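# Have a look at this fold, sequence not included:
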C-alpha cells in the first residue's frame, strides 16, 4: 500500500427513506426507498465533530480514496487529496463520500430496479436536483449519527452541493470549500450538456431510456457526450501542450477518416472508457440536475440566497477553467461578503482548465489543510 | 430590392479539370471533371485588374450576396459586406465567390455523382485540403480570364484559403484579408471537429457514407455536429446575454427531458435547420480539410512558409473569438512582419465570438473599404 493512503476501503450501502417516509423531491414527486452507496475514511471522534462530507462531480462516485480491494488498479477519484497527512487529513478528520441520487455507482438512480414494477426505472425515475442530492446526504448524516459537519467540499458539481448544504442546512455546516464551481450553471454550460443529452437520446439504442433489458446500451451516444464534455474539462493551452497537432501512429496525413490526430485518439479513448463504467440515463439525470442549478433563482439574488449562511468559506477557482469561470467563483465570494460571511478566495494559476481541480494537488493540499486546521482550532475539534 | 444590394444574382456552373487534365490533389489522387458553382458581383474592368475572390467558411456557399430570385427569403451569406457602397464595393470591384470542392452547394463533392460509377461518390470521394480548394479556385480564375486578383478574402476557413492563395500563387495576389482565421487549426479546434465527425459517423443512417440512395440521411448526427460547432461560434458572454438561463415556453422547470431552456431550443433549431441544406458527408470532408490545415507544417515555421508572400495584408480578429483566437491572427502578423510584408492588424472589440466576422459589419466595412481603396490607388486600379 502506498504511503499516505487510506488503504483498502469497503463501499457501504444503506437504505433510506423507507415508505411511508419517502423523500419528497423538488419536482413534487416522492421516492423511496433510496439506496445510498458511501465510503468513510478516518475515525469519527468522540463528540462526532470531525466529520467532513466530500461531494463528487458528474462522473464521480462514493469511492473517493484508497482502493476497494488489493487488485484495484486505480485509487478513488480524490485520492490525491484524501488520506493521512493529505489535504483532507484522515488521521484527523472523518471523511464521508456518497454516490448521489440519480447516480449509477451504487445509489438509487434510473438504472436501479423500481420495486413497484420489478423493472429498472429508466425515464420513469424522477428528475432530481442538486438540492435533492443534498437532502439524501442529510439523511445519510442522520443515519451516521452526525449532527454537524465540520466541512462540506467538492469540485464542479460537488461544489454546487457544498453551496446548497450551506443554504439548506446552515446550522449543520461549519465550513465549506467549493472548488472550480459556480452558483449557477451558465448558458454555455447548459449548451454543452444539451449536446451531450441529445447525443444519448438520438442514439437508437437508447430506446426512450428502456435499454436495460436489451443488453445493448447506447454506448455511441454516451461516448459522444463524454467526448464533448471532456473538451470542456481541458483548456486550449493544455490541449495544445498535451496533443498539439501531432499524429497518432502515423508519420503523415492518411487522407482518410481513420483516427489520426493524437487529440482524436485521446477523445475516442476517453469516450469509450467512460461507457464501460457509466450509465447513459444517469448521464441525462445528472447533467439535468446541474443545468437546473441556480442558487439565486428563488431568492432574486445570490446575496439574498446566501443570507442565512453561517459557514466559513474557502472558495477555490482556476485561472484557465472556462467551464466554471473564476468570475463565477468571485460572484459567490462577493455575495458571501455582502452577508459578512468569513470567506477566503484563492484563484490558482493553472493551465489545466476545469480538470485542474483534480490535478493541481500541491497548492490545494496546502490551502485546504490550513483552512481545515483553522476551523478545527476555532471550534475546538480534536 | 434593398438599397446597396447587388440585386438578383444567378449562380453559374462550370466544368473544370476535364479528363485527361484531372486535378492532382495533395493526397496524390486525381479527380476530374469538377463542377464549380460560382457567382460574380459587379463588373470586371477593361484591364481585368479589379477582381476580388471571396472565400466561404465551413457551411457557406457560392451565394455570397444578393438574392437568387425574387422569392428568396434571405440574401447571400456575406450580403452585409458585398454590394454597391459596401465593404467589398461592387460598384468598383468585381467580386467572385465559388463553392469549394468537397462542398454540397453546386460544386463537386461527396454527394455528387461519380461519372465512372453513375452513383454518388460517398466516401470514395478523395479527401481534399485547403490547398486543393485553392487549386480549383485558381483554375476558375483561368476560366474567367483573370490573371491577377486584387484581393482574396474570407472569414474562418475562408481566411485559410486566402492565406493559402498568397503562399501558393504569390504572383497572382495583390492583397489578402484573412478574418477570424488562423494559419493552423488548433488542437481544441480539431477536437470539436472530431466530435462532429463522430456524431455523423455513429448515426446508423450514415451507412458508411452510402446513404444517398435510401432517402433517409443521417440528420440526427449532422444536427448534433452542427449544435456542438455552433457553441464554438458564440462566446460565453454572448450566450449569457442572448439566452442566459431563460426558459422557452415554460414558466418553471418541467422536471422532464423536454426542450426547456432557450439556449436548448436555439441549438435544436440551428441543428435541424442545418440538416435541411447541408450534406453530412460534405461536413466530414470540409472539417477534415480544416483540421489538416497547417501552413507552417511543410516549411518548419510559419515565417518560412510565408517567405514568398508579396501580397499586402489586412488581418482582422475579434477579441471574444475562442475558435480562432486573436493570438492566432497575431501569429500570422508576426510571421508576415519577419518577411517584411506590408501588414495591418485589427483586433475588433466584440462579444459575438467567432460569429463576429459576420456580425460586426460597421467596423469591418470601414476597414476593408479603406484597405481596398489603398490597394486600388497603389496599383492604379480604376
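In hand now; what should we look at? Source: prediction; values computed, not measured.
# in chain A, which ranges drop under the pLDDT threshold?
Counting by pLDDT under 70, the ranges of chain A that qualify are A:1-2.
# Quick check: residue A:32 touching residue A:22?
Yes: between residue A:32 and residue A:22 a contact is recorded at 3.3 Å, counting by C-beta atoms under 8 Å. In short, each C-beta sits where N, CA and C put it, glycine included.
# Can you give me the distance of the nearest residue to residue A:336 once chain neighbours are set aside to residue A:162?
Leaving aside its sequence neighbours, residue A:336 sits nearest to residue A:343 (C-beta to C-beta, 6 or more residues apart in numbering or on different chains; 4.4 Å). Noted for residue A:343: a distance of 13 Å to residue A:162, by C-beta to C-beta, to the nearest Å.
# For the stretch 1-150 of chain A, what lies in contact range of chain B?
A:26-29, A:123, A:126-127 (C-beta under 8 Å from any C-beta of the partner chain).
# which stretches of chain A form helices?
A:130-143, A:157-168, A:187-201, A:219-233, A:236-242, A:262-275, A:280-292, A:302-305, A:326-338, A:356-359, A:361-378 (DSSP state H).
# The fourth one packs against which elements?
The contact analysis (3 or more C-beta pairs under 8 Å, 6 or more residues apart in numbering or on different chains; DSSP states H and E) places helix A:219-233 against helix A:187-201, helix A:262-275, helix A:280-292, helix B:187-201.
# Need those in TSV (columns: mean neighbour count and distance to residue B:276).
Shown next, in TSV, are the helices and strands packed on helix A:219-233 (neighbours: other C-beta atoms under 10 Å in any protein chain shown; distance: least, C-beta to C-beta, whole Å):
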stretch	mean neighbour count	distance to residue B:276
helix A:187-201	25	17
helix A:262-275	19	28
helix A:280-292	25	27
helix B:187-201	25	16
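# Tell me which of those helices sits nearest to residue B:249.
helix A:187-201 (15.7 Å; C-beta to C-beta).
# what about that closest one, near chain B?
Yes: applying C-beta under 8 Å from any C-beta, one finds helix A:187-201 touching chain B at A:187-188, A:190-192, A:194-195, A:197-199, A:201.
# now that helix against helix B:187-201, angle please.
Helix A:187-201 and helix B:187-201 are oriented at 30 degrees to each other (axes from the mean of the first three to the mean of the last three C-alpha atoms, to 10 degrees).
# got the contact list for the residue nearest the centre of chain A?
Closest to where the C-alpha atoms of chain A average out (C-alpha atoms, centre = their mean) is residue A:57, at 1.5 Å. Going by C-beta atoms under 8 Å, 6 or more residues apart in numbering or on different chains, residue A:57 touches A:154-158.
# and those, which two are the farthest apart?
Checking the contacts of residue A:57 with C-beta to C-beta, the most distant pair is A:155 and A:157, at 8.2 Å.
# Same drill for the two, tell me which one is more crowded.
residue A:155 (30 against 26; other C-beta atoms under 10 Å in any protein chain shown).
# got the domain boundaries for chain A?
By the assignment in automatic domain parsing, chain A contains the domains A:12-185+A:295-378, A:190-287.
# Distance to residue B:15 added to those, as CSV?
Formatted as CSV, the domains of chain A follow (distance: least, C-beta to C-beta, whole Å):
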stretch, distance to residue B:15
domain A:12-185+A:295-378, 47
domain A:190-287, 24
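# Residue B:208 is nearest to which of those?
Using C-beta to C-beta, the nearest of the domains of chain A to residue B:208 is domain A:190-287, at 10.1 Å.
# what's the span of that closest one from first residue to last?
Length of domain A:190-287, first residue to last, C-alpha to C-alpha, to the nearest Å: 8 Å.
# repeat for stretch A:45-58
Using C-alpha to C-alpha, first and last residues of stretch A:45-58 are 31 Å apart.
# beta partners for the residue nearest to residue A:336?
Taking DSSP bridges, one obtains residue A:313 as the residues bridged to residue A:343.
# Could you report the neighbour count for it?
Other residues close to residue A:343 by other C-beta under 10 Å number 19.
# ok, it to residue A:18 distance?
In terms of C-beta to C-beta, residue A:343 sits 39 Å off from residue A:18.
# do residue A:141 as well
Residue A:141 is 17 Å from residue A:18, by C-beta to C-beta.
# and if you look at residue A:208?
30 Å.
# just residue A:110 next, same as before
For residue A:110 relative to residue A:18 (C-beta to C-beta), the value is 20 Å.
# Then residue A:239?
Computed as C-beta to C-beta, the residue A:239 to residue A:18 distance reads 48 Å.
# between these two, which one's more packed in?
A count of neighbours by other C-beta under 10 Å puts residue A:239 above the other of residue A:239 and residue A:18, at 22 against 10.
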